[in-house]
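Just to be clear, the model below is a prediction. Sequence and coordinates:
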Amino acid sequence: MCPALKSPPKMTLGLTEACPLQCRYCYSDCGSEPKPGELDIAEWKRFIDEVVDDGVIQFYIEGGEPLLKPGLLDLLAYCARDAMTMLRSHGTLIDGAMADALKKTGLGRIFIDLMGATAETHDGCAGVPGSFEAACNGISHCVAHGIPVDMLVILTRQIVPELNALLQLAAALGADRVGVLRLYPLGRAKKLWPEIALSLDEQMAAIRSLRPPPGLAVMQSWHPMDKNCCWQAAAVDAFGRAIGCMYLREYVDFGSIGTSRYLDIWRGHPLYRNLRSGRVERGCPDCSASQGTRGGCRSTAFAFHGRWTAPDPFDETLNDGIDLLALPERILRS
Ligand code: SF4
Ligand code: SF4
């Protein structure tokens with residue numbers, strides 16, 4: 001069982017589904033313009049007041065591309081009065097002046113996505129020539145202004161041959177950590193799945209091949225490095241839907257923050273309570289008791305099994321012969 005938190009300690013805000021890039025596997029299916037119904041900054045500030053009162057001490061802000069959101073800098077500074085703030089971006093809009101402005105908001109850390117270690121691979125995925133160079137420059141500007149940087153890398157078939165080059169690149173640019181993340185069947189990624197997804201064996205081989213240079217930390221979202229985090233997860237999408245985690249965005253809708261206090265949703269929604277409880281059919285036999293793996297990620301468990309309590313097939317010990325290259329029809333149609 002998981003600790004039963006009375007209120008969420010951390011909150012992810014997906015501010016917008018607008019982005020200047022056109023990534024082939026964008027989870028949000030972003031376009032260049034905001035979508036109808038996205039909350040404005042005044043609405044986000046009211047929400048931030050509410051959840052800080054209810055105990056939130058960390059905000060993780062993402063998009064789309066959050067730097068496209070009018071009023072973002074103001075919002076970051078607003079969050080940073082009471083909480084650790086972190087931002088996820090593709091980095092191409094960060095020049096020296098923007099890095100300076102971000103630093104002045106009190107931003108604690110930035111996460112910048114790269115989709116390849118070369119312009120050819122990255123720009124080929126992002127769909128915008130020059131985005132690799134701009135993202136690398138964005139990392140350098142953040143580092144130069146004293147903002148700690150994580151480089152994020154989503155593990156696709158196309159990126160595997162460049163993984164170690166990405167680690168070298170991260171170190172050369174001054175990032176202090178790289179997050180190697182599993183690919184989720186969401187948005188445009190599920191439509192491209194046969195082309196970009198890897199089998200579990202291929203994923204594990206890629207993870208084991210990682211050779212980070214000295215001083216560079218690597219975080220990866222496979223067991224046992226990464227455990228189930230539903231127990232403390234809280235997130236709101238661009239339209240004000242409480243969804244628990246951005247990786248659940250297509251599978252749940254716990255209610256609107258426009259009509260309910262997040263804390264009431266947290267305490268009252270039965271599925272949300274269940275996901276946080278850590279009740280699963282099976283955990284990893286070697287370490288579920290000691291390390292609290294709680295069956296792995298609930299998003300991928302649900303995607304492949306259709307049951308919230310199912311084992312996570314991205315986990316070597318819990319995979320049960322599930323072919324990760326074959327997405328269920330139910331997910332493809334959703
Ligand atoms: S940078 Fe991120 S938000 Fe923008 S299109 Fe690519 S995946 Fe989507
Ligand atoms: S769905 Fe997965 S990534 Fe999201 S909070 Fe739950 S375990 Fe963590």
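Good, I have the coordinates. Numbering: from 1, shown residues only. Ligands and ions are numbered 1, 2, ... in the order given.

so what's the most centrally placed residue in the chain up against?
Nearest to the geometric centre of the chain sits Met246, at 6.5 Å (C-alpha atoms, centre = their mean). Residues in contact with Met246, defined by C-beta atoms under 8 Å, 6 or more residues apart in numbering, are Thr12, Gly14, Tyr27, Glu62, Ala235, Asp237. Yep, even glycine has a C-beta here, placed from its N, CA and C like the rest.

Also Leu183?
Tyr25, Ile154, Leu155, Thr156, Ala189, Ile196, Ala197, Leu198.

Which residue ranges of this structure form strands?
Applying DSSP state E to the chain gives strands spanning 10-14, 58-62, 84-89, 109-113, 149-154, 177-181, 217-220, 235-236, 241-242, 255-256.

Now render the contacts of Met246 as a markdown table, adding distance to ligand 2, pLDDT and neighbour count.
Below are the contacts of Met246 laid out as a markdown table (distance: C-beta to the nearest ligand atom, whole Å; pLDDT from 0 to 100; neighbours: other C-beta atoms under 10 Å):
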| residue | distance to ligand 2 | pLDDT | neighbour count |
| --- | --- | --- | --- |
| Thr12 | 9 | 98 | 22 |
| Gly14 | 13 | 98 | 25 |
| Tyr27 | 12 | 97 | 22 |
| Glu62 | 13 | 98 | 21 |
| Ala235 | 8 | 98 | 23 |
| Asp237 | 13 | 98 | 22 |
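
Return the residues of the chain in contact with ligand 2.
Residues of the chain lying close to ligand 2 by C-beta under 6 Å from any ligand atom are Asn228, Cys229, Cys230, Ala233, Cys245, Tyr247, Leu248, Cys297, Arg298, Ser299.

most surrounded residue in these?
Arg298 (29 neighbours; other C-beta atoms under 10 Å).

who's in contact with that one?
Here Arg298 is in contact with Asn228, Cys230, Cys245, Leu248, Leu275, Trp308, Asp312 (C-beta under 8 Å, 6+ apart).

mind checking how far the closest residue to the fourth one other than its chain neighbours is from ligand 1?
Meaning Leu248. Closest residue to Leu248 apart from its sequence neighbours, by C-beta to C-beta, 6 or more residues apart in numbering: Ser299 at 5.5 Å. Using C-beta to the nearest ligand atom, to the nearest Å, one gets 17 Å for the distance from Ser299 to ligand 1.

Show me the beta-bridge partners of the nearest residue to the residue nearest to the centre of the chain once chain neighbours are set aside.
In space, and not counting its chain neighbours, Met246 is closest to Ala235: 5.3 Å by C-beta to C-beta, 6+ apart. Note on Ala235: beta-bridge partners by DSSP bridges are Thr12.

Going along the chain, name the helices of this structure.
Ranges of helices within the chain are 41-53, 72-80, 96-104, 119-126, 131-144, 163-173, 187-191, 193-196, 200-208, 262-268, 270-277, 288-291, 298-305, 329-333, based on DSSP state H.

Done for today, thanks.
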